[in-house]
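# what follows is a predicted protein model with its sequence.
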Amino acid sequence: RVRAVLDPNVIISGWLSTGGAPARILEHWRTGSFEMIASPELIRELERVVEYPKIRKRIPPAVADAGVQSIFDNATVRSDPVDPPPVKSDDPGDDYLISLAAAGRALLVSGDKHLLALGGKIPVYAPSDFLALLD
């Protein structure tokens with residue numbers, strides 16, 4: 001069974017646009033096509049991002065809260081990684097995602113160019129590529 005860590009930007013994108021690859025990835029997760037790996041740090045980042053005014057305008061608080069709660073309740077929530085990532089990204093704030101994916105033996109799904117640039121070193125997929133893998 002495929003395991004994946006979804007970058008919070010993918011999750012938020014899926015909530016914002018119901019027709020794109022991120023939304024379809026979330027639907028695959030809800031129907032059991034893959035196991036989502038999360039951590040307390042990833043959930044905290046989601047909670048922080050949905051508070052941004054530009055996000056709040058597009059995702060009502062109750063919808064955002066329900067989405068975060070669904071991930072907490074239905075994803076495989078692992079402890080925050082303590083080991084350093086096998087490779088570092090240009091954004092140290094995203095290194096926890098690399099560590100989480102490595103610890104969970106999972107793919108990383110992100111739209112961030114600096115994470116996608118690590119494709120030769122870690123199993124990282126753009127949302128459209130991960131969707132193609134699932135389909």
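The structure has been received and is ready for your questions. Remember, predicted model here, so these are calculated numbers, not experimental data. Residues are numbered from 1 along each chain as shown.

# confirm Val5 sits in a helix?
No - looking at Val5 with DSSP: H, G, I helix; E, B strand; the rest coil, it is strand, so not inside a helix.

# burial count for it?
Val5 is flanked by 27 other residues according to other CB atoms under 10 Å. C-betas here are computed from N, CA, C, even on glycine.

# distance of it relative to Pro60?
Applying CB to CB, to the nearest Å, the value for Val5 to Pro60 is 26 Å.

# quick check: pLDDT value at Asp135.
The model reports Asp135 with a pLDDT of 86.

# would you mind measuring from it to Leu107?
Relative to Leu107, Asp135 is positioned 15 Å away (CB to CB).

# the more surrounded of the two?
A count of neighbours by other CB under 10 Å puts Leu107 above the other of Asp135 and Leu107, at 20 against 8.

# what are the bridge partners for the more buried one, then?
Beta-bridge pairing for Leu107 (DSSP bridges): Ala4.

# show me the contacts for it.
Val2, Arg3, Ala4, Val5, Ala101, Pro123, Val124, Tyr125, Phe130 (CB atoms under 8 Å, 6 or more residues apart in numbering).

# ok, the fourth one - contacts?
Counting by CB under 8 Å, 6+ apart, Val5 makes contact with Met36, Ile37, Ala38, Leu42, Leu97, Leu100, Ala101, Gly104, Ala106, Leu107, Leu108, Val109.

# try 6 Å this time
Ile37, Leu97, Leu100, Ala101, Ala106, Leu108 (CB atoms under 6 Å, 6 or more residues apart in numbering).

# equivalent analysis for the first one, please.
Val2 sits next to Phe34 when contact means CB under 6 Å, 6+ apart.
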